[in-house]
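> have a look; sequence and predicted model below, questions after that.
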Amino acid sequence: MSRPQCMVWGALAVVLLVSRAVGVAPLRLRRRPAGWLITFSPYVYAYNVIIVSVIVSAGVVGLVLDLNMEPSRAVRMRTPTKRILWIVDFGTVLLSALVGAYEGPYRMNNMIEYLNELRKINKNMNIQSSKERVRMAILLISYFGFILVMALDIWTTRSHADRLNRDQLISNLYLSFSYTYMTLILLQSQFTVGAMAVHSTLKNLNNALETQTDNEGAYKNICGNDDDGATFNGEKSVNVVRNKKYFTGHFTSEQSKKTRETVRHIALSFSNFCHIVTEVTKCHEISLLLLLVFYGIHLVITPYYVSLAIHRL
């Protein structure tokens with residue numbers, strides 16, 4: 001039995017390619033003229049689970065060693081407050097990486113399903129995205145900024161370890177934090193790009209519905225009501241009736257079929273969107289919950305470290 005598959009391109013293709021390499025997208029990607037054909041791969045899933053498990057294990061070992069280290073030689077946990085904040089922060093990131101790797105098949109299969117539904121809607125309504133280059137540029141800039149921040153964090157940690165005679169092994173094991181934090185960013189990117197695709201299609205559907213409504217209104221204004229000719233006499237009344245019959249017949253013969261098809265496609269597309277939104281929720285619900293926990297924790301952690309930096313200055 002063949003596995004479900006779909007075609008992706010643009011920003012979503014970039015996210016899935018990077019996610020596959022990092023370990024949170026167990027997919028097989030094949031290049032096609034129109035983009036990338038994706039399908040679930042059990043071999044890539046095994047690779048993802050192994051690599052993420054090894055790196056998370058290294059992070060846990062580093063966390064335990066740092067916890068038992070003397071405060072003067074500790075890398076991240078030199079005070080009781082920093083100890084608590086770092087354990088919660090690093091633990092959330094490690095858990096997110098594990099969840100991202102182990103639930104990969106469930107998430108990818110749901111993603112393929114709702115992307116196929118979107119593709120059907122776009123094909124039926126002849127919808128094409130006009131902002132894919134903008135999304136791609138924003139995505140690449142975001143990834144570049146993330147890599148820059150992570151490189152700065154690694155350099156700061158290693159330089160402090162060398163200068164202040166802190167444990168080098170723990171400093172090396174903490175490199176896993178950058179990797180697992182990258183998986184968290186990629187899980188967020190998968191949801192963001194997928195949600196943007198859903199929003200773009202829904203917006204285009206609303207535009208199509210608005211256009212169709214405007215066309216109906218224009219037709220009614222041209223044809224008028226049945227009593228439009230009642231206020232005229234003689235030749236004027238005959239002309240109004242003739243014009244009305246012409247427009248009515250013209251609309252019926254050339255536009256009626258197309259209008260019925262358009263309305264039918266719009267109605268079916270809106271009914272399918274309930275299923276699509278449900279699939280998006282099922283696909284990313286666990287990842288989003290962990291993201292909310294992570295960012296909620298940083299509402300406390302970030303002000304704490306900022307206040308420490310100000311106090312040192």
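Cool, got the structure. Values in this document were obtained by computation on a predicted structure and should not be read as measured data.
> just list the residues touching Leu278, thanks.
You called it Leu, but residue 278 is Thr. Applying C-beta atoms under 8 Å, 6 or more residues apart in numbering to Thr278 gives no contacts. Quick note: C-beta positions are derived from backbone N, CA and C, even for glycine.
> the helices in the stretch 1-150 of the chain, which residues?
If DSSP state H, counting those that start in this stretch is used as the criterion, the helices of the stretch 1-150 of the chain fall at 10-22, 42-67, 80-102, 104-125, 132-163.
> in TSV, list these along with mean neighbour count and mean pLDDT.
Listed next are those as TSV, based on neighbours: other C-beta atoms under 10 Å; pLDDT from 0 to 100:
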stretch	mean neighbour count	mean pLDDT
helix 10-22	20	90
helix 42-67	17	91
helix 80-102	19	87
helix 104-125	19	85
helix 132-163	13	82
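> to Leu175, which of those helices lies closest?
Nearest to Leu175, of all the helices of the stretch 1-150 of the chain, is helix 132-163, at 6.5 Å by C-beta to C-beta.
> ok now the closest one, how far from the chain's centre?
Relative to its parent chain, helix 132-163 has a centroid offset of 20 Å by C-alpha atoms, centre = their mean, to the nearest Å.
> who are the packing partners of that helix?
helix 10-22, helix 168-173, helix 175-223 (3 or more C-beta pairs under 8 Å, 6 or more residues apart in numbering; DSSP states H and E).
> between helix 175-223 and the longest helix seen in the chain, find me the angle.
What stands out as the longest helix in the chain, according to DSSP state H, is helix 256-312. Angle, helix 256-312 to helix 175-223, by axes from the mean of the first three to the mean of the last three C-alpha atoms, to 10 degrees: 140 degrees.
> would CSV of the helices and strands packed on helix 132-163 with distance to Ile266 be doable?
Compiled in CSV, the helices and strands packed on helix 132-163 are given as follows (distance: least, C-beta to C-beta, whole Å):
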stretch, distance to Ile266
helix 10-22, 24
helix 168-173, 56
helix 175-223, 5
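> pick the most buried one from those helices.
helix 10-22 (a mean of 20; mean count of other C-beta atoms under 10 Å).
> helices or strands up against that one?
strand 27-32, strand 35-40, helix 132-163, helix 175-223.
> nearest to Met111, out of these?
Among those, if distance is taken as C-beta to C-beta, the winner is helix 175-223, at 6.4 Å.
> and the closest one, what other elements does it pack with?
helix 10-22, helix 42-67, helix 80-102, helix 104-125, helix 132-163, helix 234-254, helix 256-312.
> rewinding a little: chain center to the longest helix of the chain, what's the gap?
Distance, centroid of helix 256-312 to centroid of chain: 7 Å (C-alpha atoms, centre = their mean).
> what is the orientation angle of that helix with helix 80-102?
Going by the same axes, to 10 degrees, helix 256-312 makes 150 degrees with helix 80-102.
> what distance do you get for Gln305 to Arg20?
One thing to correct before we go on: residue 305 is Tyr, not Gln. 33 Å (C-beta to C-beta, to the nearest Å).
> actually Met69, not the one I typed
36 Å.
> same question, Ile301
30 Å.
> looks like Val99 contacts Ser287 (just checking).
Yes: judged on C-beta atoms under 8 Å, Val99 makes contact with Ser287 at a distance of 6.9 Å.
> what about Leu17, distance to Gln190?
For Leu17, the distance to Gln190 - C-beta to C-beta - is 12 Å.
> low-confidence ranges, the stretch 201-313 of the chain, go.
Residues of the stretch 201-313 of the chain meeting the criterion pLDDT under 70: 212-262, 264-265, 313.
> stretch 18-29: end-to-end distance?
End-to-end distance for stretch 18-29: 11 Å, by C-alpha to C-alpha, to the nearest Å.
> just give me how far that stretch sits from the chain centre.
15 Å.
> contacts for that stretch?
13, 16-17, 36-42, 44-45, 47-48, 51-52, 97, 100-101, 104-105, 108, 143, 179, 182-183, 186-187, 189-190.
> can you pull the contacts of Phe90?
Gly59, Leu63, Arg76, Phe177.
> make it 6 Å
The contact partners of Phe90, taken as C-beta atoms under 6 Å, 6 or more residues apart in numbering, number zero.
> how near is it to Thr157?
In terms of C-beta to C-beta, Phe90 sits 12 Å off from Thr157.
> swap in Ile310?
Using C-beta to C-beta, Ile310 is found at 21 Å from Thr157.
> same deal with Phe270?
For Phe270 relative to Thr157 (C-beta to C-beta), the value is 51 Å.
> same question, Val61
In terms of C-beta to C-beta, Val61 sits 16 Å off from Thr157.
> likewise for Leu202?
44 Å.
> ok, Arg30 next?
Taking C-beta to C-beta, one finds Arg30 at 40 Å from Thr157.
> repeat for Val8
36 Å.
> what do you get for Ala46?
Distance from Ala46 to Thr157, by C-beta to C-beta: 32 Å.
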